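> predicted model follows, preceded by the sequence.
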Amino acid sequence: MKRREFIQTAAAGAVLPVLLNGFPVAAYGQENAVLAALVNTSIQTDRVLVLVQLNGGNDGLNMVIPLDQYSGLMTARPDIAIPQAQVLPLTTLTGLHPAMTGVKSLYDNGKIGVVQSVGYPNPNFSHFRATDIWTSASDSNVTWNTGWAGRYLDGEFPGFPTGYPSTQNPDPLAITVGSVVSNCVQGPAVNMGMAIASTSSFYQLLTGTVDTAPNTPAGHELTFIRQVVQQTQVYTTAIQRAARAASNLSPMWPTAGQNALADQLKIVAQLIAGGLQTRIYCVNLGGFDTHALQVPATGSTATGTHATLLGKVSQAVEAFQDDLRRLGVQDRVVGLTFSEFGRRIKANSGKGTDHGAAAPLLVFGTSVNPRIHGQNVQVPANAGVNDNVPMQYDFRSVYASILQDWFSVPAATLSALFGRAFPYVPVLRAGVATGTTAAADVNVPNFSVYPNPVRERATITFDADGGHVQVLLFDGTGREISRLADRALPRGPQQLPLDATALAAGTYYCHVQEGSRLSTRLVVVE
Amino acid sequence: MDRRAFLRKPASALTAPAAVPAGPLVPQTDPPGETLSPYANKTLPVLPRTNAGLAAYAGPWGTAQAAHLLRRCLFGPTRAQLAAAASSTLSQVLTTLLTAPATPAPPVNVSATDTSVAIGQTWVTQAFDQNFEGVRRSALRAWWLGQLLQGSTLQGKMWLFWHNHFVVELADINDARYGYHYAELLRGQALGNVKQLCKDVTVAPAMLRYLNGNQSTATAPNENYGRELLELFTVGKGPLIGTGNYTNYTEADVQAAAKVLTGWRDNATTIAGYYTASRHDTTVKQFSGAFQNQAIPNGGDQEYKTLVDMIFGQAETARHLVRKLYRWFVYYVIDATTEQNIIQPLATQLQQNGYNIGPVLRTLLASEHFFDAVNVGCYIKSPLDFSLGLLRQLEVAQPTSANVAQQYAVWDYFNGLTNLQQQYLGDPPNVAGWPAYWQTPQFNELWINAVTLPRRTQVSDALLTSTGVTRSGFQLIVDPVAWAQSLPAATAQDPNLLIQAFVDVLMPFALTTSQLAYLNDTLLPGLPDFEWTDEWNQYLAAPTNTAKKNAVATKLRALLKAMLSQAEYQLS
């Protein structure tokens, strides 16, 4: 679709500095920005983080496939499940959708990490609200008006946009490519990202052209205003300079217009290689809201709408990594995919899936820990219509761990950015990280729930390592039912009682996490 | 006061060659950076115009036509006003537009600084006090903007037109009571008789002070008012065709006019102009061939009327006024066809009906020419068009007169914003008015440059945040959910109909398919249309659920922000 022909004419919108949503106004004055620039308080880094948003809610169960759950899968989604023989195996237990050959190849080359079942307690099934939760990193029942990456950048570059661009910071702090201006980089006063609304507007920016208007008085004035709009984009010169300094090198990029995500990432690769100091790039691909016919009405379930989407993700990320390697900047870049939610375990009657809860996300780059974090989704033997994939990892754990390891954000700052501390997940390789410990054992040792199925009472046992332990019980829809522990426990064997007398019969998940170790058990209450 | 030094006056558009270089303008305040866009016209654009004349428009009448008319006649028509107009006839709409509303209550005191009257009481008849002048002037300016914001007839646009025509600067006259008297004079004749208005303005205390008429005596006549009367307010300056001869008047005519006007002073107690016979030049004033060599004998305190009548007897006065009206309501380019088909016949009508403005506006605004496609959407909004239109069209709730302090604080805030955008109500940059209406070849394009455009966007962005802007405890905020909810249910729940409803109100003409697709993707990033219906109906089913409301509010704000940042939104 050739959209966005006129977007690059969107006025550069700096918001009045009085509009700091609940943040102390005094902290954002121009003097402070000047002072901050003088003393250079921001952490110097040439590292780049790329956020790939998959709009619509990606069906994670058909992307990262639990090979040990096929019986449950075929029962829950016989019309849409991928034939087991076609799954691209990552490990003996876990595989990928067959359309994701590029991701499979990257995984085999140590450039992909998979984080299983990422979500948050009490999932929301509204696209809008769930997107706001993922981009703001708020709790499910709280509304935050800023984005998580926007808060991070605001802390690093106080006072933005007053005094920017400057000699110290000549480049955009963040860039959003694509039609959706990402709320991830929404700061307290303004969006910290420069919006390049389309690939065509990017190339217009480089050439200083604007959309053609009709040869009428209205068209004459429209062109005039569009030219002024383009002129007011303060980062035009910086973008042009970077684009001139580097050209894409990979032959793997698809033809322009074939893969919107690839077209966006191609620009990102060029700008990174061209020396732009931008830290965060946001790109997106839409169409994941696959309520109906995510697989073809007839023919192989390994093809169709969802396969095409995953194929685009795979192709785009593979070409991006290849280009970054050829451009010599691959070690400076990591990226991750996310979607506002996964989809229901059970398929609907229209060969589609409805809004769900947790889903896997992919982390990519030469610096990622190239493994599968967490356990396979445990698919109930007879999944009900409302059964959801429960979370294993809170998405804020992933965000915070990347900020910590990639941008050296201290723990206290992370707690401030996300409202509290979240358990660390070693999605980046040990050694890449600055001042962090190597990845520990990923499983909580000796974790069991007994008896299971539970009639009235059961006992949860596991070994603690002497740190802060969370023991949570979720129902099948992902709702947090009880918080059995959220405190420091002594090192050694632990036993916690589980009272099921008040619980309705059904499927539940018991989730134990201590630091980077995390395990989940499916619990059936009779 | 001699303002010759920094003035660049409007020349007759047709006859004057582009002799005045497009040099930098002198702004009232010094914004950082440019004051003239490098992309603005270097020469007057040569564009397709229309041969359509003043015959009554008889084409289709619907939302698009009603919107074109109301956009040019109001400071941003609301959705309700557009709907009402579309379901009436053009003639009915014009009758309503041309009906002057009742006289508004005068501005009131909202500051503890002014101890002459209580808060909420008017100061316009109180004694002058320099200590109170600042807060009174702010109150007057706020009140004026408030009247424009609340108006729903052509009176508001014409009130501003006359302010831009018979210019007075409140900062110069330094008496807000004079300012109110002046503003009321303009408002009262806004849709009335321009010849009478010219007479009244000539001896208004504000004008006597502004252009030094109050210093003009038989022994030392001050030419300032006489010159502006001819050069700017009436016949206008034509090409220089001889020493001191500007075609439509001569330097000798300026001197003769000055003599006619000697003897007038302003009285700060009565807030009126008054005549002193002993200061008046009683000789016969001889005018040039431009005025058919007429002579005006001594007429005492009535003599100025004879002068005004003589000037308004000139066809060029009517043409000059009609050209200004054309540029105010249609477009700034007046080609030879337009001069012949529009300006000349309208000028004839104006002169023949004794200079009543209403019928002339009716002819123009009901014409085939006005509704011709080439004249739609080509008008760059002035800062007041933009800012008041934003408040009106997005239906930003306003404080009421029950709390005048809040009300005036909000109006005052918007005066500050439009001032930053280079249009300060009450203080045009000089006696020629805002250059956007006369400076060739840029005209309207002077409103927009790399400094002023972001300032406009800042205003809309601020009102579109989730917290809006608070002034004196009153929150100014766009409530896009309420706006959408006021639409028919079937429209609000369909994303494309909903977008079109916003476009119909906010945009000057239809958007392209790709633009609409972009807006759809802003509302529904990567999602199919039915998800809007789903989210919207979920909100309607639980309207007190904050999360559900926020979900749709966030998307609607993103949509509006995308729309308002389009170049199209700057056009009317």
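Alright, I've got the coordinates.

> quick check: closest non-adjacent residue to the residue of chain B found nearest chain A.
When scored by CB to the nearest CB, chain B has residue B:526 as its residue closest to chain A, at 1.9 Å. C-beta: built from backbone N, CA, C; applies to glycine. Distance criterion CB to CB, 6 or more residues apart in numbering or on different chains; nearest residue to residue B:526, sequence neighbours excluded, is residue A:286 at 1.9 Å.

> and the pLDDT for residue B:14?
We have a pLDDT of 38 for residue B:14.

> do the helix or strand hosting residue B:369 and chain A meet at all?
According to DSSP states H and E, residue B:369 maps onto helix B:368-371. No - using CB under 8 Å from any CB of the partner chain, helix B:368-371 stays clear of chain A, coming no nearer than 12.9 Å.

> off-centre distance for that helix?
21 Å (CA atoms, centre = their mean, to the nearest Å).

> same thing with stretch B:248-260?
Centre-to-centre, stretch B:248-260 and its host chain are 30 Å apart (CA atoms, centre = their mean).

> go on, stretch B:133-153?
The answer for stretch B:133-153 is 14 Å, by CA atoms, centre = their mean.

> ok, stretch B:485-492 next?
How far stretch B:485-492 lies from its chain's middle: 33 Å, per CA atoms, centre = their mean.

> end-to-end on that stretch?
Its start and end residues considered, stretch B:485-492 measures 6 Å (CA to CA, to the nearest Å).

> relative to residue B:281, how far out is residue B:255?
10 Å (CB to CB, to the nearest Å).

> so which of those two has more stuff around it?
More neighbours surround residue B:281 than the other of residue B:255 and residue B:281, with 20 against 16 (other CB atoms under 10 Å in any protein chain shown).

> what's in contact with the host helix or strand of residue B:85?
Per DSSP H and E: residue B:85 is located in helix B:79-86. Here helix B:79-86 makes contact (CB atoms under 8 Å, 6 or more residues apart in numbering or on different chains) with B:61-63, B:65-67, B:69-70, B:74, B:77, B:93, B:152, B:393, B:395, B:483, B:486, B:501, B:504-505.

> now a ChimeraX select for only the buried ones of those residues.
Here is the ChimeraX command that picks out the buried ones among the contacts of helix B:79-86, judged by 16 or more other CB atoms under 10 Å in any protein chain shown:
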select /B:61,65,66,67,69,70,74,77,93,152,393,395,483,501,504,505
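
> low-confidence ranges in the chain?
No chain in the question, so chain A it is. Residues of chain A meeting the criterion pLDDT under 70: A:1-43, A:179-181, A:431-442, A:516.

> the chain in question should be chain B.
B:1-33.

> domain assignment for it?
Domain assignment for chain B by automatic domain parsing gives B:193-313, B:316-376, B:480-570.

> do chain A as well
A:45-418, A:448-525.

> most tightly packed of those?
Of all the domains of chain A, domain A:45-418 carries the top mean neighbour count, a mean of 21, counting by mean count of other CB atoms under 10 Å in any protein chain shown.

> what about that domain, how long is it end to end?
This stretch, domain A:45-418, spans 22 Å end to end (CA to CA).

> run the chain-centre distance for that domain.
On CA atoms, centre = their mean, the centre of domain A:45-418 falls 6 Å from the chain's centre.

> which residues touch the residue of chain B closest to chain A?
A:54, A:55, A:56, A:180, A:284, A:285, A:286, A:287, A:288, A:289.

> the third one and residue B:94, how far apart?
When you say that, I think you mean residue A:56. With the distance defined as CB to CB, residue A:56 ends up 50 Å from residue B:94.

> what about the strands in the stretch 151-300 of chain A?
A:174-177, A:193-196, A:280-285 (DSSP state E, counting those that start in this stretch).

> quick one: closest of those strands to residue B:292.
Residue B:292 lies closest to strand A:193-196 among these, at 63.9 Å (CB to CB).

> what lies in contact with that closest one?
With CB under 8 Å, 6+ apart as the criterion, strand A:193-196 contacts A:8, A:10, A:150, A:172-178, A:181-182, A:185, A:202, A:205, A:233, A:235, A:239, A:267, A:280, A:282.

> now the residue of chain B closest to chain A: which helix or strand?
With DSSP H and E as criterion, residue B:526 is part of no helix or strand.

> got the phi and psi for residue A:343?
phi -120, psi 170 (degrees, to the nearest 10).

> what's the closest non-adjacent residue to it?
Closest to residue A:343 by CB to CB, 6+ apart is residue A:353, at 3.6 Å.

> what residue in the stretch 1-150 of chain A comes nearest to chain B?
residue A:55 (2.6 Å).

> give me the distance between that residue and residue A:182.
Counting by CB to CB, the gap from residue A:55 to residue A:182 is 11 Å.

> just residue B:455 next, same as before
Using CB to CB, residue B:455 is found at 25 Å from residue A:182.

> hey, where'd the strands end up in the stretch 351-500 of chain B?
Using DSSP E, counting those that start in this stretch, strands in the stretch 351-500 of chain B cover B:469-471, B:474-476.

> meant to ask about the stretch 151-300 of chain B, not that
Listed in chain order, the strands of the stretch 151-300 of chain B (DSSP E, counting those that start in this stretch) span B:264-267, B:272-275, B:285-286, B:295-296.

> generate a markdown table for those strands, with mean neighbour count and distance to chain A as supplementary columns.
Shown next, in a markdown table, are those (neighbours: other CB atoms under 10 Å in any protein chain shown; distance: least, CB to the nearest CB, whole Å):
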| stretch | mean neighbour count | distance to chain A |
| --- | --- | --- |
| strand B:264-267 | 20 | 41 |
| strand B:272-275 | 18 | 42 |
| strand B:285-286 | 20 | 44 |
| strand B:295-296 | 16 | 43 |
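
> for the stretch 401-550 of chain B, which residues are neighbours of chain A?
B:444-445, B:448-450, B:453-454, B:456-459, B:461-462, B:465-467, B:469, B:508-509, B:512, B:514-515, B:517-518, B:521-522, B:525-528, B:531, B:535, B:538, B:546-548, B:550.

> just checking, which of those belong to helices?
B:453-454, B:456-459, B:461-462, B:514-515, B:517-518, B:521-522, B:531, B:535, B:538, B:546-548, B:550 (DSSP state H).

> in PyMOL, how would I select just the buried ones from the residues you listed?
Selection of buried members from those for PyMOL, criterion 16+ other CB under 10 Å:
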select buried, chain B and resi 453+454+456+457+458+459+461+462+514+515+517+518+521+522+531+535+538+547+548+550
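
> what's the burial count for residue B:277?
Residue B:277 has 11 nearby residues by other CB under 10 Å.

> you'd agree it is up against residue B:299?
No - with contact defined as CB atoms under 8 Å, residue B:277 does not count as touching residue B:299 (11.3 Å).

> before we move on, the earlier item: list the contacts of the residue nearest to residue A:343.
A:59, A:77, A:80, A:290, A:291, A:294, A:343, A:344, A:347.
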